[in-house]
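> below is the sequence, then the predicted model.
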Amino acid sequence: MTFKAPSPSPQRVPDALSLAAGLFVDAVTMASSGLATPADIDTAMRLGAGHPVGPLELLGSLNPGTRDRAGLPDPTLSNSGRGPAGGAVAPDDWNHRVGIVGTGTMASGIVGALLRAGVATTVLARSAASAERLRGRVAGGLDKAVTKGRLDAGARDRTLDSLRLTLDLGDLGDCGHVIEAVAEQPDLKRQLLARLDRVLPARTVLATNTSSLTVGEVRAELPRRRTVIALHFFNPATAMKLVEVVAPDPAVADAACAWVRRIGKVPVRCGDERGFVVNRLLIPYLNDAVRQLDAGSVTPAEADALMRDALGHPMGPFELIDLIGTDVTLAAQTMLHEASGEARLQPADGLRRLVAEGRLGRKSGRGFHDHTATHRSAT
């Protein structure tokens, strides 16, 4: 999705800050711990969540009295961090053909983004049918670009010609790095990376598109010699600029960030913790909003209007949960809670209840809001 934020309403800012207090506390904690730099945190939330101003930048613009009344931390605590990503030139392997494993929505979006950036791409599919579905989605996206005058027909054909589809893992052998974009299932990802490790050359960098797991968890059974990183694209990858980069080796991180810039995206570096930057800040904020609903402090309509009107967010928390899906939000929050054990990160009762009732958001017609009219027209 692309974001267009409304104009903020200054009069409602204090109430909005209080509603999102946990997000600001988490952002300061993240920066202070060195998980990500303040600049990268702010960039991630602007590009990944559509916030018009990053949380640390917003905190820094508030006077101390306003921060105190809203129970917000002092942002000067957030001056530590890794420092900005270097501008290193990517090594030769990052100039080669790129491999993608997966044919779903996320994989299709990444493939489309790479092809439009002029990157020759090989896709490993599970079946000929799934491979053709991916080709159809990619071709459809290119056709739309031609219709809108962003691409001519010859360029579309040349771009599509640089896409290879295969059912043979060995055909990824000439790829400089391979990105897995399969379902967010830990065992599936581990087994896939193990297969890739056995077949591909030692020089091949393996990348995961996960954000709910850590690189350490995904690569747990691989030999230390194998370089594994995270390149977390956002959906839809053809439109969203942000890519979260997690790499244990600074030189590899620099090379990955240089490659991300070369394909027209914006990298942010972060440490290897579940959720990385955007989901680690955004999902608990959504969960906090549900807790306040459970306590009777807000209604979904009130909270959504407040965050849109006061802070210029493109969507309020309950609108966003319904878009993501209550089930997906619950799964992400559960992952974060399992990793930390923090009481605050335990999923809110109201979120569990809606999932149990089958109220999954827009895709089911009902979530925190009623979407039956739009759901009926879509089906």
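Received, thanks.

> what are the boundaries of the strands in the chain?
According to DSSP state E, the chain carries its strands in the segments 98-101, 121-124, 163-166, 177-180, 205-208, 228-233, 242-246, 266-269.

> looking at these, spot the one closest to Asp68.
Among the strands of the chain, the nearest to Asp68 by C-beta to C-beta is strand 266-269 (29.7 Å). For every residue, glycine as well, the C-beta is placed using N, CA and C.

> correct me, but Arg135 touches Leu165?
Yes. If you go by C-beta atoms under 8 Å, Arg135 and Leu165 touch, sitting 6.2 Å apart.

> looking at the strands of the chain, which one is packed in the most?
strand 98-101 (a mean of 26; mean count of other C-beta atoms under 10 Å).

> surely Trp259 and Trp94 touch.
Yes. Judged on C-beta under 8 Å, Trp259 makes contact with Trp94 at a distance of 4.5 Å.

> higher neighbour count, those two?
Trp259 (25 against 18; other C-beta atoms under 10 Å).

> the more buried one and Val123: what is the separation?
Using C-beta to C-beta, to the nearest Å, Trp259 is found at 18 Å from Val123.

> what residues go with each domain of this structure?
What the record gives for the chain is the domain set 10-81+276-374, 92-269, from automatic domain parsing.

> residue contacts, the residue lying closest to Pro201 once chain neighbours are set aside?
Of all residues not flanking Pro201 in the chain, Gly173 sits nearest, at 6.4 Å (C-beta to C-beta, 6 or more residues apart in numbering). Applying C-beta atoms under 8 Å, 6 or more residues apart in numbering to Gly173 gives the contacts 199-201, 204.

> any stretches of the stretch 1-150 of the chain with poor pLDDT?
1-11, 77-93 (pLDDT under 70).

> mind listing the helices in it by residue range?
Taking DSSP state H, counting those that start in this stretch as the criterion, the stretch 1-150 of the chain carries its helices at 13-19, 21-33, 38-49, 55-61, 64-69, 105-116, 128-147.

> helices or strands next to the shortest one in the packing?
Which is helix 64-69. helix 13-19 (3 or more C-beta pairs under 8 Å, 6 or more residues apart in numbering; DSSP states H and E).

> ok, residues contacting the helix it packs on?
With C-beta under 8 Å, 6+ apart, helix 13-19 has contacts from 24, 62, 66-67, 69-72, 288-289, 292, 298, 303, 306-307, 309-311, 317.

> recalculate using a threshold of 10 Å.
Applying C-beta atoms under 10 Å, 6 or more residues apart in numbering, the external contacts of helix 13-19 come out as 8-9, 23-24, 58-59, 62, 66-67, 69-72, 285, 288-289, 292, 297-298, 302-303, 305-313, 316-317.

> which positions in that helix come out as buried?
Using 16 or more other C-beta atoms under 10 Å as the test for burial, helix 13-19 gives 13, 15-17, 19.

> so which of those is the closest to Ala129?
Among the buried residues of helix 13-19, and counting by C-beta to C-beta, the member closest to Ala129 is Leu19, at 46.3 Å.

> the residue nearest to the spatial centre of the chain: what's it in contact with?
Per C-alpha atoms, centre = their mean, the C-alpha nearest to the average position across the chain is that of Phe234, at 4.2 Å. Counting by C-beta under 10 Å, 6+ apart, Phe234 touches 1, 44, 47-49, 106, 109, 209, 211, 240-244, 265, 278.

> so which of these wins on neighbours?
Ala44 leads the contacts of Phe234 on contacts (other C-beta under 10 Å) with 32 neighbours.

> isn't it up against Phe276?
Yes. Between Ala44 and Phe276 there is a contact under C-beta atoms under 10 Å: 8.1 Å.

> any residues in contact with both of the two?
With C-beta under 10 Å, 6+ apart as the test, Ala44 and Phe276 both reach 30, 36, 244, 268-270.

> perfect, that will be all.
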